[in-house]
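Novice: pasting the sequence and the predicted coordinates here, then a few questions.
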Amino acid sequence: MDFASYFGNLGLFGVALSAFLSSTILPGTSEAAVIAYEAAFPGRTAALFLTATLMNTAGAMTSWALGWFIPEGKKVSEPTLAKLRRFGTPLLFFSWVPVIGDALSLGAGLIRTPFIPALLFTLLGKGARYAAILGLFSLLKP
C-alpha cells in the first residue's frame, strides 16, 4: 500500500467516526470532515459519500434505538413528539438538520416508529445532504 492510500483509508475511518458521532446526541462536524477528505482525496468521492451516508444513518438509528428503549411514560420534548405523530415517519428525512435531527430520531424511537420506514427515510435524508455538500464543493473548488 502506498503512502497516499494508507492516509486515504485512515482519513476515511476518521470521516466514518465523525459521521457516526455527529448523528448521535454527541456534538460533531461531519460536514467539515467530508469536505476536508474530498479536498485531500478527490478521486474517492463515491467511497466518501457511501461511508459518510451509511455511518451518519447508523448514528441516527442508534438514537432511534435509544428512544425505543426509553419507557413509554417518560416525557421527552413533547412538541417534537407531537410533530412526529402529526407528520409521521417521512419527517425523518430531515434528521440531518443540526440539533433537531437528533431529537427527531430519538422521538421516532419513543413513539415506536417501525425500523424499516425509519431507516429508509433517514438514509434518504442523510444521502441527500451529503450529495448536496459534495456537489456544492465540486462547484466551488478552484
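Specialist: Sure thing, it's come through. In this text the structure is predicted, and so the values were computed from the model without any measurement.

Novice: tell me the helix or strand right after the helix or strand bottoming out on mean pLDDT in the chain.
Specialist: Least confident helix or strand, the chain: helix 78-87 with a mean of 74, by mean pLDDT, DSSP states H and E. Moving toward the C-terminus from helix 78-87, the next helix or strand (DSSP states H and E) is helix 100-110.

Novice: look up how far residue 103 lies from the residue nearest the centre of the chain.
Specialist: Residue closest to the mean C-alpha point of the chain, counted by CA atoms, centre = their mean, is residue 56 at 2.9 Å. Per CB to CB, to the nearest Å, residue 56 is found 16 Å from residue 103. For every residue, glycine as well, the C-beta is placed using N, CA and C.

Novice: follow-up on the earlier one: the residue nearest to the centre of the chain contacts residue 21, correct?
Specialist: No: using CB atoms under 8 Å, residue 56 makes no contact with residue 21, being 9.5 Å away.

Novice: what is the burial count for the closest residue to residue 92 other than its chain neighbours?
Specialist: Once flanking residues are discounted, residue 92 sits nearest to residue 121: 4.0 Å by CB to CB, 6 or more residues apart in numbering. Residue 121 has 21 neighbours, counted by other CB atoms under 10 Å.

Novice: sec struct for residue 121, please.
Specialist: helix (DSSP: H, G, I helix; E, B strand; the rest coil).

Novice: ok, now which ones touch it?
Specialist: 89-93, 95 (CB atoms under 8 Å, 6 or more residues apart in numbering).

Novice: what do you get if the cut-off is 6 Å, keeping everything else the same?
Specialist: 89-90, 92-93 (CB atoms under 6 Å, 6 or more residues apart in numbering).

Novice: out of those residues, which one has the weakest pLDDT?
Specialist: Of all the contacts of residue 121, residue 89 has the smallest pLDDT value, namely 90.
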